[in-house]
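Below are the sequence and a predicted model for it; my questions follow.
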Amino acid sequence: MTAPSDPSNRTTASEGSWQPVADGVFRLVAEPDSVNIGLIVGSESALLIDCGSTPAQGARLRESVASVTDTPLIGVVITHEDRDHWFGLAAFDDLESWGHETLAERIDAPEILAEAESLGLTRADLRTPTTDFSIARALDLGDRYVELVHLGHAHTHSDVVVNVPVSNVIFTGDLIENPHPWFGPASSPRGWPATLNMLIGMVKPDAVVVPGHGDVVDGKFIVQQLAGLASVPYTTERLVREGVTVEQAEEAGEWPLPWENIAEGVRTAYAEMGAEGVRRNLPLI
Ligand SMILES: [Zn+2]
């Protein structure tokens, strides 16, 4: 979720209880953005996936791990740069953390700092992961490996999926949201469908798929969401070639997703194509 933050929601930050989604794998819903936080418990160590919207929420999430296991927490994986997944990282300063290498640049982006300010945070409250990677990384929790994979610029620059092969579970961050994905200013209209196409190749048909928000889904849901997302660049391309302006796009196009979820993506797709209907940016990554 990357909808503009609402300062009036600040007091409603809270966390649900941990629910099992597979053997040794748990999910918790953190408010106010209803983000899915993950916990993977191996025989030697446990790993948190995402850390809430603020350092205070991150600290509560860290504490809550004790209600599930006494296996030591080794650290936290950040699935992407949105506030509700990342801004709690300062609560884990003494542990290792993992995330995509672009977070080091994104942390100083004006829109990231504006998001922090809206939550009453400053640059000093934000953290980059202690360990970054460009494409992939594997972590050993004892009886299971966890794979962290960056498949390209999609929902954001820094999307990482967390695969737990032995449990047949994959955490997708906001590459998948239930019921609908959300385009933010950092989303890539062409890169996102291409990334989901690769993600489908990683997911077994009976896999448990934990989206960034909403109830757990399966591999078929990824295919459905890919179809909806792909309409954004390709319908935009058709509209541009027909002379439809960006202001007319909502009415002129047939959109399978709610307009408020995709409006930012359509604007980005228009900007990338330019007035002549020619793509200025190829989807290289
Ligand atoms: Zn989110």
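Done, it's in.

Could you tell me what pLDDT the model assigned to Thr12?
pLDDT for Thr12: 77.

Might you enumerate the residues of this structure proximal to the ion?
Within reach of the ion by CB under 5 Å from the ion, the chain has these residues: 1, 82, 84, 174, 212. Quick note: C-beta positions are derived from backbone N, CA and C, even for glycine.

between those residues, which has the most around it?
Comparing these by number of neighbours (other CB atoms under 10 Å), Asp84 comes first, having 31 neighbours.

all helices of the stretch 1-150 of the chain, in order?
For the stretch 1-150 of the chain, the helices defined by DSSP state H, counting those that start in this stretch occupy 55-64, 83-86, 103-106, 110-118.

quick one: contacts for Ala207?
Contacts for Ala207 (CB atoms under 8 Å, 6 or more residues apart in numbering) come out as 168-170, 218-219.

most neighbours, which of these?
Neighbour counts for the contacts of Ala207 peak at Ile170, which has 25 neighbours (criterion: other CB under 10 Å).

Give me whichever of the helices of the stretch 1-150 of the chain is most buried.
Counting by mean count of other CB atoms under 10 Å, helix 83-86 has the highest mean neighbour count of these, with a mean of 29.

that older thread, between the contacts of Ala207, which sits nearest Pro179?
Ranked by distance to Pro179 (CB to CB), the contacts of Ala207 are led by Asp218 at 14.2 Å.

Excluding chain neighbours, what is closest to the closest one?
Using CB to CB, 6 or more residues apart in numbering and skipping residues adjacent in sequence, the residue nearest Asp218 is Val209, 5.8 Å away.

can I assume that neighbour sits in a strand?
Yes: the assignment for Val209 by DSSP: H, G, I helix; E, B strand; the rest coil puts it in a strand.

Distance of it relative to Gly243?
40 Å (CB to CB, to the nearest Å).
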